[in-house]
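Visitor: Here is my input, please return the structure:
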Amino acid sequence: MSNENFNVERQRLDEMLRGLDGRIAVAVGVGSGAEVRELHHTLADLAEAGAIPEHVGGFVFFVSGYLCAAAHGLPDLGYVLRSEIVRHTDIVEQASWMAALDRGTAAHPIGVDIDTGYGSEPSAVLLTCRQVHKQGAAYVQIEDQLAINKSCGHMDGPRGTGKEVIDVDEMIEARLAPALAYAAGHDDFLVAARTDALAGHGLDEALQRAHRYVEAGAHMIFVEAPGSDDELATIGSELAGSGAINVANMVEGSDKTPFKTPRELQELGFQLALYPVGPFLAGHDAQRRYYDRLGRGTPTPAAAERMGNPFEQFNRVIGRPQTEAWNERFRRTDKKPR
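Guide: Sure thing, here's the model as predicted:
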């Protein structure tokens, strides 16, 4: 084992963001503990090889509401509850702790999408912040959609007729203020405010809301679903000097926002690039092709060989040697197996 004392340092998000110095942080959506471990090992390999580009100032593991719903076989249309996102945060924290132990590296910070806060009163937001923070969250993302009509930011509402947002003062008083009050008592916890107003009310309204949320104290600001290169550029330049970390959301295959690399987003003035569902979509595509081959009768061992002995590779990533080493360490070596 690379780490024998089971003490894992987790990189502090606030320190990462303060140290960006013109670089951009990258947040990656993780839908399971297996994805967490794969991501951690991949980033550790890249760091050891010196292959992480200079313009990237760190990585965040993101607990996505979309992925939490997908894990239940559901769309991101208001099905996920507080208990489910809290449990998912716990899974991500545990897997990242074990991966960090395995590699002898620091664990990455964790961000959590808490939708509209899981309740109509400020007390619900406080409880949500407390529960995900206990499970390892370094920041929460809270949005101004109407709670009973919530959908993924890259969908058109639960009926396909558009997203609805609450009054800006209601967002500040009932959602943002309690989240910030909780953060004020915990120096390792930040709050991102997201507005979904652009789709229904236009860019000017979305930017006005963004500035109001920053003035209210949001540490990070997020205008969801800009529909063009020009809108992305305007948001990047308008909010780059706001005093809050400017977040851009990239969803592969969505027609809501032009897809950009972290370097392109950095050049537009963003400080955090969020890729919440890309790994899941890539895995889904590979699974669909595998299922198709299996359904057609293609011998699966041949498919596995083309993937390069994935069973043993994955066992290493998921921690089989780690578990065996722990068991060997704590068991008496002179005892024979039964």
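Visitor: OK, contacts around Ile221?
Guide: 192-193, 210, 213-214, 239, 242, 244-247 (C-beta atoms under 8 Å, 6 or more residues apart in numbering). The C-beta positions use only the backbone N, C-alpha and C, and glycine is treated the same way.
Visitor: Mark which of those residues are part of helices, please.
Guide: Among the contacts of Ile221, the residues falling in helices (DSSP state H) are 210, 213-214, 239.
Visitor: Report the central residue of this structure.
Guide: Centroid-nearest residue in the chain, with C-alpha atoms, centre = their mean: Phe62, separated by 1.5 Å.
Visitor: Run through who's touching the helix or strand harbouring it.
Guide: Secondary structure assignment for Phe62, by DSSP states H and E: strand 56-63. Contacts to strand 56-63, defined as C-beta under 8 Å, 6+ apart, come from residues 11, 13, 16, 19-21, 23-30, 36, 39, 43, 85, 88-89, 92, 96, 108-113, 132, 137-138, 262, 272, 274, 276.
Visitor: Ala179 is in contact with Gly217, correct?
Guide: No - contact between Gly217 and Ala179 fails when scored by C-beta atoms under 8 Å: they sit 9.4 Å apart.
Visitor: All the strands of the stretch 101-250 of the chain, in order from the start?
Guide: Applying DSSP state E, counting those that start in this stretch to the stretch 101-250 of the chain gives strands spanning 110-113, 139-143, 190-195, 220-223, 245-249.
Visitor: mean confidence score for the fourth one?
Guide: Going back to what we said before, that points to strand 220-223. For strand 220-223, the mean pLDDT works out to 96.
Visitor: quick revisit: so which of Gly217 and Ala179 has more stuff around it?
Guide: Ala179 (28 against 18; other C-beta atoms under 10 Å).
Visitor: got the contact list for Glu35?
Guide: 279-280, 283.
Visitor: Kindly list the longest helix within the chain.
Guide: Secondary structure of the chain per DSSP H: the longest helix is helix 82-103.
Visitor: Summarise which helices and strands it is packed against.
Guide: Secondary-structure packing of helix 82-103 (3 or more C-beta pairs under 8 Å, 6 or more residues apart in numbering; DSSP states H and E): helix 33-48, strand 56-63, helix 65-71, strand 110-113, helix 122-134, helix 320-330.
Visitor: Tell me how many other residues crowd Asp285.
Guide: Other residues close to Asp285 by other C-beta under 10 Å number 11.
Visitor: On the three-state scheme, it is what?
Guide: helix (DSSP: H, G, I helix; E, B strand; the rest coil).
Visitor: any idea how far Ala183 is from Asp255?
Guide: Ala183 sits at a distance of 35 Å from Asp255 (criterion: C-beta to C-beta, to the nearest Å).
Visitor: more neighbours, the two?
Guide: Neighbours per residue (other C-beta under 10 Å) separate Ala183 from Asp255, with Ala183 holding more: 20 against 9.
Visitor: Please tell me the pLDDT value assigned to the nearest residue to that one once chain neighbours are set aside.
Guide: Leaving aside its chain neighbours, Ala183 sits nearest to Phe189 (4.7 Å; criterion: C-beta to C-beta, 6 or more residues apart in numbering). Looking at Phe189, its pLDDT is 98.
Visitor: likewise Ala71?
Guide: Model confidence at Ala71 (pLDDT) stands at 92.
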